[in-house]
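Trainee: give me coordinates for this.
(chains A and B)
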Amino acid sequence: MTLVVVGVSHRTAPLDVREALAFPRERISEALARARAEAGLEEAMILSTCNRVEVYGRAAEGAPADAVARFLEGYHGRAAGDLGPYVYAVSGEAAVRHAFRVAASLDSMVIGEPQILGQVKEAYEIAEEAKSLGASLGALRNRSLSAAKRARSETRIGQNAVSVSSVAVELARKIFGSLKDRSVLLVGAGKMSELSARHLVSGGARATVLGGRTFEKAEELAAALGGQAAPFEALQAELAKADVVISSTGAPHTVIHKEDVAAAVRARRRPLFLIDIAVPRDVEPDVRELANVFLYDLDDLKAVADANLRERKKEAASAEAIVESEVRAFLEWQKSLDVAPLLADLRQRAEAIRRAELERARKRLGPLTAEQESAIDAATSAIVNKLLHPPTAHLKEVAKNGSAPDVVELVRRLFGL
Amino acid sequence: MSSRIYLLLTLGFYAVGALNVLLQAVARRRLLTTWTVTAALAGFAMHTASLSQRWTEAGHFPIVGFHDGASFLAWATVLAFLATYVQARVDALGLAVYPAAFVLVLVAVLTPVSEREDPILRSLYLPIHTTLALIGYGALFVAFAMGVMYLIQERELRSRSPRAFYYLAPSLERCDTLGGHSVEVGFVFLTLAILTGLMWNLSRGAIWTGTPKEWSASLAWLIYVVMLVARRRSGWGGRRAALLGIAGFVIVVFTFFSLSLARSARGGA
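Mentor: Below is the predicted model:
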């Protein structure tokens, strides 16, 4: 049995190509049926995310990568060969390795991102519901998902924030430890500040939103965050109460000045963490010089995200090693289930017995004529072949439906192989 | 087994712990593994055995001269570390404690045992006063380490480019509160040690003899009083508390070694 993976990803195809090839969730079942029929697959699974569209399959014989590529083109109404430069196809060992690396998020655009594991899991579930998952892909699913979990838990590949909004939260935790009962002040109600604020609030922080001319917007956001809104004029008073300030007004000039912040920190002993994600900036840069004040602008957050990403890439080497050892173990196990070597062993064993017995008989019978010689040869061969025919046929049948570990195991035991 | 053999075993365990924690730091892995914690526990057990053996061998409480001083200080530091570990599990503290314990035990191994004989060593005040002081030093060392960690971490956060400590150290808040708690514990022991020291003095005549040790102990005590009062009254902490915690401990170290050094200077007499 040979596994194939055919598809496009962020590595090989631009977004518009990936978009055009995406499979909506509700149509995957039907697409799986077509893929199996058109590409001659016994089992199939389709993984469709915004960064990759891949068909995983197993054919009864051979590795019909081209046929799968034709299916992808045909399904999306493209001419044969149209996807040529974008599509990659891997089979056998390489396909197994690819499947493991994708699940472990080692092939992701952002290494270690957590979504892919869930997406892979879901793709297998859809395939299972569509009855297009057999023993081979089923085994691939179990082993690749458990390898992915191992890589995540044993390395730091999934740790350290790599997006701007999550870096802001990570920094807040570095400064304040627990976020419980910390006050977050949102100056302006931008999309990005909302995202960071949501993370902070889910960590136990309370939010206050300052609104200017569009006070309804501030009230709306405050309600969504379970906090309260205040007019912009309250800035000074709110600054003194806040632990984290996220500023994202659209103002063309700075709105938080050094004197304001100096006055705010003088009134208290805790640190103050200012996050300025407005462009142009909202907070005067020399606020940074104040003691107990931490000011990060958008570029700073990006720099931290980049540094974290470099950390993840360093960790990726250990994760790769874990995945590789799991791939080896899987291939080893797969090989032990293979019917072909079992059939060869069986035949070889029978032939060896036949020859040995023939030799002994010959010694007792003395010289034989050529006719007699060929007669006993034919007779013994026939016995062996007839005895081996039903198990051989059955094993080949089993192989067609993927692997059957228990059958292979049983036959080996019965024949002492 | 002799106290020296136990001490060499201790050195071995602390070496394993120190090496392991440093390698983990370089690889940015979880700092304390089963290995390091086991090494600390086994080392501490060996160390305790070594000290009690030394007590028997010396015939008096083993806190005379550089050898005993370094050894006992390492023991107290590891004790404070283990107590903190049970309470708060701050892995990064291992970065300070394992190397410090290793170096102190190494110093003890390399320096000769003091053969001094003096009737004052028979005094009951010796074990009481020194044990209190050493446990206090251990706790104050934890406060010192948390202060250093606070300053480094704060610097990295202010520079806005994460380096090693960003990934290893606990949050500023945690460094601050844990440092504060350690000072509280250390202060109690330091106060008791000073009181028993004064009582010991009194039992020999004068309550205050004006030695550098007395002056520096008082200075350290004052610094910690200021810190604790400020923290209680106004939630005062952070950078200034970290700096004071470091300064206090430096004076404490001077206090500790001033006696041993003075004694060595007097030719071990």
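
Trainee: let me see the contact set for the residue in the stretch 151-300 of chain A that chain B sits nearest to.
Mentor: Distance from chain B to each residue of the stretch 151-300 of chain A (C-beta to the nearest C-beta) is smallest for A:Gly177, at 3.6 Å. (Each C-beta comes from the backbone N, C-alpha and C, glycine too.) The contact partners of A:Gly177, by C-beta atoms under 8 Å, 6 or more residues apart in numbering or on different chains, come to B:Pro170, B:Ser171, B:Leu172, B:Glu173, B:Arg174, B:Thr177.

Trainee: so which bits of the stretch 201-350 of chain A are right by chain B?
Mentor: Selection of the stretch 201-350 of chain A residues close to chain B by C-beta under 8 Å from any C-beta of the partner chain yields A:269-271, A:288, A:291-292, A:294, A:296, A:300, A:303-304, A:307-308, A:311, A:314-315.

Trainee: neighbour-wise, which of the residues you listed leads?
Mentor: In terms of neighbours by other C-beta atoms under 10 Å in any protein chain shown, those top out with A:Val304 at 25 neighbours.

Trainee: isn't that residue up against A:Leu171?
Mentor: Yes: the criterion here is C-beta atoms under 8 Å, and A:Val304 meets it with A:Leu171 at 7.0 Å.

Trainee: what touches both of these two?
Mentor: Joint contacts of A:Val304 and A:Leu171 (C-beta under 8 Å, 6+ apart) are A:Tyr296.

Trainee: so where is the chain shaky, pLDDT-wise?
Mentor: The chain I'm using is chain A. Where chain A drops to pLDDT under 70, the residues are A:1, A:400-405.

Trainee: nope, chain B please
Mentor: Those would be B:259-269, if you go by pLDDT under 70 across chain B.

Trainee: and A:Lys217, how close does it get to A:Ser193?
Mentor: Relative to A:Ser193, A:Lys217 is positioned 12 Å away (C-beta to C-beta, to the nearest Å).

Trainee: between the two, which one's more packed in?
Mentor: A:Ser193 (25 against 15).

Trainee: quick one, phi psi at the nearest residue to B:Gly235 once chain neighbours are set aside?
Mentor: Nearest non-adjacent residue to B:Gly235, counting by C-beta to C-beta, 6 or more residues apart in numbering or on different chains: A:Arg269, 4.8 Å away. Main-chain torsions, A:Arg269, degrees, to the nearest 10: phi -110, psi -10.

Trainee: list the contacts of A:Arg269.
Mentor: Going by C-beta under 8 Å, 6+ apart, A:Arg269 touches A:Asn292, B:Ser234, B:Gly235, B:Trp236, B:Gly237, B:Gly238.

Trainee: can you tell me which of those are buried?
Mentor: For the contacts of A:Arg269, a burial check counting by 16 or more other C-beta atoms under 10 Å in any protein chain shown picks out A:Asn292, B:Trp236, B:Gly237, B:Gly238.

Trainee: give the contact list for B:Ala42.
Mentor: With C-beta under 8 Å, 6+ apart, B:Ala42 has these contacts: B:Phe13.

Trainee: which SSE is it in?
Mentor: Secondary structure from DSSP states H and E places B:Ala42 in helix B:34-58.

Trainee: looking at the chain, which helix is longest?
Mentor: By default, I'm working from chain A. Determined from DSSP state H, the single longest helix within chain A is helix A:298-337.

Trainee: my question was about chain B
Mentor: In chain B, assigned by DSSP H, the helix with the most residues is helix B:125-159.

Trainee: briefly note if the helix or strand that it is followed by comes near chain A.
Mentor: With elements assigned by DSSP H and E, the helix or strand that comes after helix B:125-159 is helix B:164-168. Yes: using C-beta under 8 Å from any C-beta, helix B:164-168 reaches chain A at B:Tyr166, B:Tyr167.

Trainee: now A:Gly134: how far from A:Leu3?
Mentor: Relative to A:Leu3, A:Gly134 is positioned 11 Å away (C-beta to C-beta).

Trainee: which parts of chain B sit against chain A?
Mentor: Chain B comes close to chain A at residues B:28-29, B:153, B:157-158, B:160-162, B:166-167, B:170-174, B:177, B:234-239, as judged by C-beta under 8 Å from any C-beta.

Trainee: which residues do A:Gly134 and A:Leu3 both contact?
Mentor: A:Arg58.

Trainee: between the two, point out the one with more neighbours.
Mentor: Neighbour count, other C-beta under 10 Å: between A:Gly134 and A:Leu3, A:Leu3 has more, with 23 against 19.

Trainee: by contact count, what packs against the strand or helix carrying the more buried one?
Mentor: For A:Leu3, the host element (DSSP H and E) is strand A:2-9. In terms of contacts (3 or more C-beta pairs under 8 Å, 6 or more residues apart in numbering or on different chains; DSSP states H and E), strand A:2-9 is packed against helix A:15-21, strand A:52-59, helix A:65-75, strand A:88-91, helix A:93-103, helix A:135-154.
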